[in-house]
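**Q** What follows is a predicted structure for the sequence shown.
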Amino acid sequence: MTRHETFAPAIPATDVHPVTPRIGAEIANLRLGGDLPDQTVAEIKALLLRHKVLFFRGQHHLDDAGQEAFALRLGELVPHPTQAVVKGSAAILELDSSRGGGRADRWHTDVTFVEAYPKASILRGVAIPEVGGDTILANTVTAYADLPEALRLLADSLRAVHSNAYDYAAERPRASDLDRKHYAEVFASAVYETEHPVVRVHPQTGERLLLLGSFVQRISGLSRDDSQKLVEILQARITAPENTVRWRWQAGDVVIWDNRATQHVAVNDYGDAHRVVRRVTLQGDIPVGPDGRTSTALTKPAI
């Protein structure tokens, strides 16, 4: 390229439509797949770091193999540590509302009960209710930035224990018997417990962010009561409306989020309607806090 030539992006700026000022962008006129040019893949990665979550409509051509082929262009696939993958796939997790365990209706970051939890998730809409079943995502970077200085300094010094084992009946009193059975037999069949910094330094952007969500059991060194109160204060900052984006699904949609810099929740408002989404996650790295300390596995099943 000579000095008189201009760089032509693979994804034109006119095809990038921010959904809110703080989080989320819809990308138009792009057919996802494993055969995307390297420049396009690089721009998707850069847009994800900037907007934290990307939305793609009309990806009806993708099946399980196509979803995994596309995901492989973004990173290394990693299956869920306790739940079985879809038959014939390498790492696809199906969330089916009719089979129990398919209603991720509490604010969380995916799989934070392990040390190197996924760096990103790619979710595909398969069967979507006519009304309801939206996903809301929150920016944990802007949540941290909005904290008063005294609260930021406190958060910087804290560590929290995350686990997939908790009192399911107390946490989800309205859960169905099918959901309870799924939790006991599948999700919590192998118990993990990991201590993470409450504030993580993003390994690519250097941004500080809050690492919390529903897998948090307690703040290290505090009583359960004090932990709960402090987590509620910080968690409320994450889920403040100005830090969130709400996506109304259509079948064939694909949503990608930076799992290090976001939380999300699936709104459980669709009754008996059928909702099926399929997710692939990408291998992450072990978090590092502002003090340079890394996360530590406290309990994990023998392999």
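**A** Done, it's in. Nothing here was measured: the structure is a model prediction, and the numbers come from that model.
**Q** Okay, now the unreliable bits of the stretch 101-250 of the chain?
**A** 101-102, 167-189 (pLDDT under 70).
**Q** mind listing the strands for it?
**A** 120-127, 135-139, 159-163, 193-197, 199-201, 208-210, 216-219, 244-247 (DSSP state E, counting those that start in this stretch).
**Q** My assumption is that L47 lies in a strand; please confirm.
**A** No: using DSSP: H, G, I helix; E, B strand; the rest coil, the secondary structure at L47 is helix, not a strand.
**Q** so it sits right up against V16, yeah?
**A** Yes: the pair L47 / V16 is scored as a contact, 6.5 Å apart, by CB atoms under 8 Å. All C-beta atoms are positioned from the backbone trio N, CA, C, and that covers glycine.
**Q** Quick check: neighbours shared by those two?
**A** The contact sets of L47 and V16 overlap at A25, I27 (CB atoms under 8 Å, 6 or more residues apart in numbering).
**Q** May I have the beta-bridge partners of L54?
**A** L54 has the following beta-bridge partners by DSSP bridges: A25, I256.
**Q** ugh, typo on my part, it should be R218
**A** Judged by DSSP bridges, the bridge partners of R218 are V161.
**Q** show me the contacts for L54.
**A** G24, A25, E26, I27, I44, L47, L48, V255, I256, W257.
**Q** So what's the residue count around the first one?
**A** Residue crowding around G24 was assessed by other CB atoms under 10 Å; the count is 23.
**Q** which one of the contacts of L54 sits closest to V161?
**A** Using CB to CB, W257 is the member of these that lies nearest V161, at 23.9 Å.
**Q** ok, now how distant is the closest one from R73?
**A** Going from W257 to R73 by CB to CB, to the nearest Å gives 16 Å.
**Q** These two: which is more packed in?
**A** W257 (27 against 18).
**Q** Next, the contact list for that one, please.
**A** When contacts are counted by CB under 8 Å, 6+ apart, W257 touches L48, K52, V53, L54, A120, S121, L123, L137, H264.
**Q** Looks like the first one contacts S121 (just checking).
**A** No: between L48 and S121 there is no contact under CB under 8 Å: 10.9 Å.
**Q** which residues are common contacts for these two?
**A** I256, W257.
**Q** Averaged pLDDT, stretch 275-289. What do you get?
**A** Taken as a whole, stretch 275-289 has an average pLDDT of 98.
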